[in-house]
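Participant: Sequence plus predicted model, see below.
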Amino acid sequence: MTDINNNGMHWFIALYGRVSTSLQEDQETIQNQIMAIKDFADKKFGLGNYTIVRQYLDEGWSGDNIVRPKLDELRVDAKKKIWDGVLIYDPDRLARRYSLQELVMDELKEAGIEVFFVTVSTPKNMEDKILYGVRGLFSEYERAKISERFRLGKLRKVKNGHILTTEALYGYSYIRNNKETKTHGYYIVNEEEAINVRMIFTWVGEDGLTLRQVVRNLQELNIKPRRSKRGVWSTSTLTTMLRHKGYIGQAHWGSSYAVVPVNPMKTEKYRQVKKTSRKIKPEAEWIAPNIRIPRIVSDELFLKVRAQLKTNFVLCQRRTKNEYLLGGKIHCSCGKKRCGEGPQHGKHLYYRCSDRIYSFPLPPTCMEGGINARIADRMVWQEITRLMISPDQLLKEIDRWKNNRKDKRQSSGIDVDTIQKNISKLRGQIERYNNAYGAGLFSLEKLKEYTVPRNKQVEELELQIRKVEQEESYINVATIPTENEVKIFSEGILETLENLSFENKQAIIRNTIGKIIGTQKQLQVSGSIPLSLYQNVVYKTNDRNCRFAECGEVHFIQRADEKERAGGKLSVLHY
């Protein structure tokens, strides 16, 4: 290895390491990476000729996910130029996919940072880059083959009678396979838990209890689920149990697949596993292997439970006796939604925090009181009416919306310049693959395998740019109503708003209100007003959940005559 420090330069370097699983963490493989990197640095730079400024170590993070906390820190620090180069054990520690490797490496090189790998030489010229890219693609292809072999192996085991599971169903115990006797793993009935299973099925199928009543009974009997942070049963867990055919001896495999959640409960930036939700496949696609599972409940009871669950679902549909105009939009200050509740010991309707529902059967954690529903509905509707019948307010907001188109595009997260850079990088990769094919490094089939996905990526990125351009060209003076049209709209809308049915009012609320955060003293409203006249012109500001008032000022609307009924002074804060 050639010493690159012949000019007497002292190098300030960073180290980056990554392991994917907790098993690798336990085996200290990341420490092995660091040791190999330091040995490499001694030979590359010479003893005493370098200083390790910082170590960036992502432990337990997949290489398929480029959003990692320490890698992000490294990319930010690279722009600050607090070190001259970064040492990495192998390109797959940076990312599993070649395109992601190239993305990060190009970013570091643009910042003037040298990248060194222990296992391979950093590409210096076009030929090196082609060979490096081919190596990365073959690694990616081999990884895909390993995944497919692993899937087929599991499928073969299932069809041969193996039970593939990490934990048995509640009510069973799993006896692992014995390599010496060559026996497969199998289920046996856990009699202690099976008693609880039969009792739960009987409560629903024979006694007709709802799931919440079952939860309450289990809590009173101090029967806890096998795993639960709160130590209580949830209705979703019971639903899964009562629908599972394993309790009548019917095993299946492959009934669901992992997906990225559409509405994740946790919104943290860094997620070690992206696909944390699951979708059920059509039952025809399930694999029903020849596996014998001892039954716990009878077919008759299982069918009764199915029928009762269906009945419960029909009866619990939201056929409320009372009308709640803000239903689905109003939230508590604790973050949870408020839901309508009919009169309990009085005559008033209230929006109460749903924490008591989610905490059930434990005591609620939110102590916020209920909000008088009739007063809140009336005040919010009056505010929407006031804004929609004011032509001056509408014209002011339309002008501000037109002037802030550029800010809106930036806030949308679509950076055209970055997209164009990515397109250039992808086209450069395609050109290198074509050159490699011309040099006879691989076949035409391999060339298609490498270039077709990247051509599709280029098309998708170009489509994003076209959409942005079309959106900007669509919003022009011709599509925005004139001052006279706005005045006609405001004059005509008042009579319409006064004569609307509850359903139509609720539809307007759902189209205009983004979110309401309410306490007994105050309602904080955010949203946008669609102005429907000749064209569907959106009435809003830069951020849908940012402004909802005149000139960005804060307004309080107080109803002194309703103070006693509302349990305090209730005001609407819209911003």
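Facilitator: Nice, I can see it.
Participant: tell me the secondary structure for Ser174?
Facilitator: No Ser there; residue 174 is Tyr. strand (DSSP: H, G, I helix; E, B strand; the rest coil).
Participant: what's the closest residue to it other than its chain neighbours sitting at in phi/psi?
Facilitator: Leaving aside its sequence neighbours, Tyr174 sits nearest to Ala168 (Cβ to Cβ, 6 or more residues apart in numbering; 4.0 Å). From N, CA and C alone the C-beta is placed, and that goes for glycine too. Taking degrees, to the nearest 10, you get phi -70, psi 160 for the backbone angles of Ala168.
Participant: dump the residue contacts of Ala168.
Facilitator: Applying Cβ atoms under 8 Å, 6 or more residues apart in numbering to Ala168 gives the contacts Tyr174, Tyr187, Asn190.
Participant: next one: the helix or strand Leu100 falls within to chain centre, how far?
Facilitator: According to DSSP states H and E, Leu100 maps onto helix 98-110. Centre-to-centre, helix 98-110 and its host chain are 25 Å apart (Cα atoms, centre = their mean, to the nearest Å).
Participant: picking up where we left off before, tell me the pLDDT of the residue nearest to Tyr174.
Facilitator: At Ala168, the model reports a pLDDT of 85.
Participant: cool, Lys224 as well?
Facilitator: For Lys224, the predicted pLDDT is 90.
Participant: now it, what's its secondary structure?
Facilitator: coil.
Participant: Please report the number of neighbouring residues for it.
Facilitator: 14 (other Cβ atoms under 10 Å).
Participant: ok, it touching Val232?
Facilitator: Yes - here Lys224 reaches Val232: they are 7.2 Å apart, a contact under Cβ atoms under 8 Å.
Participant: Next, show the common contact partners of these two.
Facilitator: With Cβ under 8 Å, 6+ apart, Lys224 and Val232 have common neighbours Leu218.
Participant: Who wins on neighbours among the contacts of Ala168?
Facilitator: Busiest of those [other Cβ under 10 Å] is Tyr187, holding 21 neighbours.
Participant: Would you agree that one falls within a helix?
Facilitator: No - counting by three-state DSSP, Tyr187 is not part of a helix but strand.
Participant: who are the neighbours in contact with it?
Facilitator: Ile163, Ala168, Leu169, Tyr172, Ser173, Tyr174, Ile175, Ile293, Pro294.
Participant: Among the residues you listed, name the buried ones.
Facilitator: Ile163, Ala168, Leu169, Tyr172, Tyr174, Ile293 (16 or more other Cβ atoms under 10 Å).
Participant: got any ranges where the stretch 201-350 of the chain has weak pLDDT?
Facilitator: 265-270, 272, 289-290, 314-321, 343-346 (pLDDT under 70).
Participant: Domain-wise, how is the chain divided?
Facilitator: 11-122, 172-315, 326-413+480-575, 414-479 (automatic domain parsing).
Participant: Output the ones you listed as a markdown table; include the columns distance to Lys157.
Facilitator: Listed next are the domains of the chain as a markdown table, based on distance: least, Cβ to Cβ, whole Å:
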| stretch | distance to Lys157 |
| --- | --- |
| domain 11-122 | 21 |
| domain 172-315 | 8 |
| domain 326-413+480-575 | 39 |
| domain 414-479 | 30 |
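Participant: Select, out of these, the one closest to Ile146.
Facilitator: domain 11-122 (11.6 Å; Cβ to Cβ).
Participant: What's the end-to-end length of the closest one?
Facilitator: With Cα to Cα, to the nearest Å applied, domain 11-122 spans 17 Å between its terminal residues.
Participant: which helices and strands sit right next to the helix or strand Thr311 falls within?
Facilitator: Assessed by DSSP H and E, Thr311 sits inside helix 299-315. Where contact means 3 or more Cβ pairs under 8 Å, 6 or more residues apart in numbering; DSSP states H and E, helix 299-315 is packed against helix 191-205, helix 235-243.
Participant: Which positions within that helix qualify as buried?
Facilitator: Here helix 299-315 shows Leu301, Phe302, Lys304, Val305, Gln308, Leu309 as buried, counting by 16+ other Cβ under 10 Å.
Participant: So which residues make contact with stretch 249-257?
Facilitator: 155, 158, 163-164, 245, 278-281, 283, 285-289, 291-295.
Participant: Check stretch 305-315 too.
Facilitator: Contacts of stretch 305-315 (Cβ under 8 Å, 6+ apart): Phe201, Val204, Gly205, Gly208, Thr210, Leu211, Thr239, Leu242, Arg243.
Participant: on that earlier part again, could you measure the residue nearest to Tyr174 against Glu300, distance?
Facilitator: Distance, Ala168 to Glu300, using Cβ to Cβ, to the nearest Å: 24 Å.
Participant: do Lys336 as well
Facilitator: 40 Å.
Participant: got it, and Tyr324?
Facilitator: Distance from Tyr324 to Glu300, by Cβ to Cβ: 41 Å.
Participant: so what does the longest helix seen in the chain touch, helix or strand wise?
Facilitator: Counting residues, the longest helix found in the chain (DSSP state H) is helix 126-159. Other helices and strands packing on helix 126-159, by 3+ Cβ pairs under 8 Å, 6+ apart, are helix 91-94, helix 98-110, helix 416-438.
Participant: mind redoing it with 6 Å?
Facilitator: Judged by 3 or more Cβ pairs under 6 Å, 6 or more residues apart in numbering; DSSP states H and E, helix 126-159 is in contact with helix 98-110, helix 416-438.
Participant: From the chain's centre, how far out is the next helix or strand after the first one? Work that out for me.
Facilitator: The one in question is helix 98-110. Downstream of helix 98-110, the first helix or strand assigned by DSSP H and E is strand 114-117. Strand 114-117 has its C-alpha centroid displaced from the chain centroid by 33 Å (Cα atoms, centre = their mean).
Participant: follow-up on the earlier one: can I get the buried residues of helix 299-315 in JSON lines including distance to Pro91?
Facilitator: As requested, these are exported to JSON lines (distance: Cβ to Cβ, whole Å):
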{"residue": "Leu301", "distance to Pro91": "58"}
{"residue": "Phe302", "distance to Pro91": "53"}
{"residue": "Lys304", "distance to Pro91": "59"}
{"residue": "Val305", "distance to Pro91": "54"}
{"residue": "Gln308", "distance to Pro91": "57"}
{"residue": "Leu309", "distance to Pro91": "52"}
